[in-house]
Every structure is written in C-alpha cells, then in structure tokens.
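Student: after the sequence you'll find the predicted model.
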Amino acid sequence: MEEKIIEAQFTKNKLSRILLAISLGLISLGVIIAWSIYSTGTEFRILSFYGTYYSVEIPYKESFNSYFDFLVGFMLTPFNYSDWWFLIIIDLGIVLLLAFVFFAWQMSKCALTVTNRRVTGKASFGKSVDLPLKQISAVSLGGCKSISVATSSGKLHFWFIKNREEVHTALNDIIGKVQVETAYTPYNTPSAGSADELKKYKDLLDAGVISQEEFDAKKKQLLGL
C-alpha cells in the first residue's frame, strides 16, 4: 500500500523579491529622471521662416503635449533627442520586472511529495515528475533552498523548499531502504522452477525411487550450495 511520507513546503523566495525591488526601483528612477529632463530640458529644432532656416532651442514642455507624450516620443524615436539615456534605466527595469514575473510564475508550480514507492510533483518550470524510488540514484542539496534528484536520464531540481532538510533526510532514508531491499536476495531460496524440481525429487525420495544421498546431492545442486 502506498503511503505518503512527507510533502515539501515551498516558500516565497528572497531572490525573486530582490529582483522585484530592483526592477521597480530602476523603473521609478528612470521615470524621475525623465520628469526632470521633461521639466528642464530643451532641444534644438530647425525652423523655416519664409525660406530661411533657423536653429531654435525649444523646451521639452513646449515640444510635447504632456509628460506621457514625452515618454512615448522618446521610446519610439530616442535617437532623435540628446537626452535619451534615461530610457536605458527604464528598459532595464522593465526587463527585470518581466524576468521576475516569469520566474515567480514558473517557481509557483513546484510541488514535491515523497511516498514509500515514488516521488511525485512538479519540478522547476512546471516539469511533471512521477519517479519510482528505484529510478533515483542520489539526492543532493543545492543553492536557493533547492533539492536535486538524480536519475539515469538527468537531474530534477526543486527550488525554495522551506522544509528542505526534512525532505532531504526522508528521501535519503526511503531510497536507502529501497536500495537495500533491491540488492538483498535471501540465500538458499529456490526459484519457482527449482522449487518444482525439488518437489519432484522429494516425491521420488518418498516413493523409494532414489536414496537420501541422491536427494541431498540434487538439493544442493538446485539450491546452489
């Protein structure tokens, strides 16, 4: 009968919270710098008056209808302006924010349950797991509160496990027991064919067809003694 031994408890990871804080900080910093540039910055434009061209310095506030239009304008054509560098900060923050969302979404799918027969759940990035204990060769600890389960086809990683040590200990114990049971074959235990053959010789002994010495010799042969 299959019985559940332990279930992993996954915790909110510190790495993702740091990633979120950095991304929001960068976006906020970029927006603040952009507002400062929008409020005080200027650009040179070439204007034409009756066929004569003039270079005129125009404040950004007068060039754009609003701060939002200013941001959109810079994002669409940043190299048309001299103060486009703040977009690097905003873009980097957006990239990190998207990375956080993807990372947190994938890690939230992790699940791990250990029974007396198998390991089930979902590894990192939603990979389904249903492993008989006999297929697991080793279990190790890793960074970010992770557990790695090694099989003949590769390693499976489970990240940010709150009760990692308890799960690791339980896995090692149950896998050790399974390996011992698999490796141990009781001596002097005949196979089904040998047992049938031995029974026939016992019947011959009881019928007086063969002697006790002949039966004992055949018994040793069948049992590999």
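Tutor: Structure's in. What do you need?
Student: what sits against residue 164?
Tutor: 8, 141, 145, 146, 147 (CB atoms under 8 Å, 6 or more residues apart in numbering). (Glycine included, C-beta is placed from N, CA and C.)
Student: then residue 11?
Tutor: 145, 160, 161, 162.
Student: quick check, the first one in contact with residue 158.
Tutor: By that I understand residue 145. No. Counting by CB atoms under 8 Å, residue 158 is not a contact partner of residue 145; they are 9.2 Å apart.
Student: when the two are compared, which one has more neighbours?
Tutor: Comparing residue 145 with residue 158 by other CB atoms under 10 Å, the one with more neighbours is residue 158, at 25 against 19.
Student: need phi/psi at residue 8.
Tutor: As for residue 8, its main-chain torsions (degrees, to the nearest 10) stand at phi -70, psi 140.
Student: what's the pLDDT at it?
Tutor: Residue 8 carries a pLDDT score of 88 in this model.
Student: out of the contacts of residue 11, who's nearest residue 169?
Tutor: residue 161 (12.3 Å; CB to CB).
Student: ok, the nearest residue to the closest one once chain neighbours are set aside - contacts?
Tutor: Leaving aside its sequence neighbours, residue 161 sits nearest to residue 8 (CB to CB, 6 or more residues apart in numbering; 4.8 Å). Contacts for residue 8 (CB under 8 Å, 6+ apart) come out as 110, 111, 112, 113, 121, 147, 158, 161, 162, 163, 164, 167.
Student: for the longest helix seen in the chain, the distance to its chain's centre please.
Tutor: Identified as the longest helix of the chain according to DSSP state H is helix 14-40. Between the centre of helix 14-40 and the centre of its host chain there is 29 Å, according to CA atoms, centre = their mean, to the nearest Å.
Student: what residues sit buried inside it?
Tutor: 15-16, 19-20, 23, 26-27, 30-31, 33-34, 37-38 (16 or more other CB atoms under 10 Å).
Student: list buried residues within the contacts of residue 11.
Tutor: Neighbour-count burial (16+ other CB under 10 Å) applied to these gives 145, 160, 161.
Student: how close does the second one get to residue 146?
Tutor: It stands for residue 160. For residue 160, the distance to residue 146 equals 7 Å [CB to CB, to the nearest Å].
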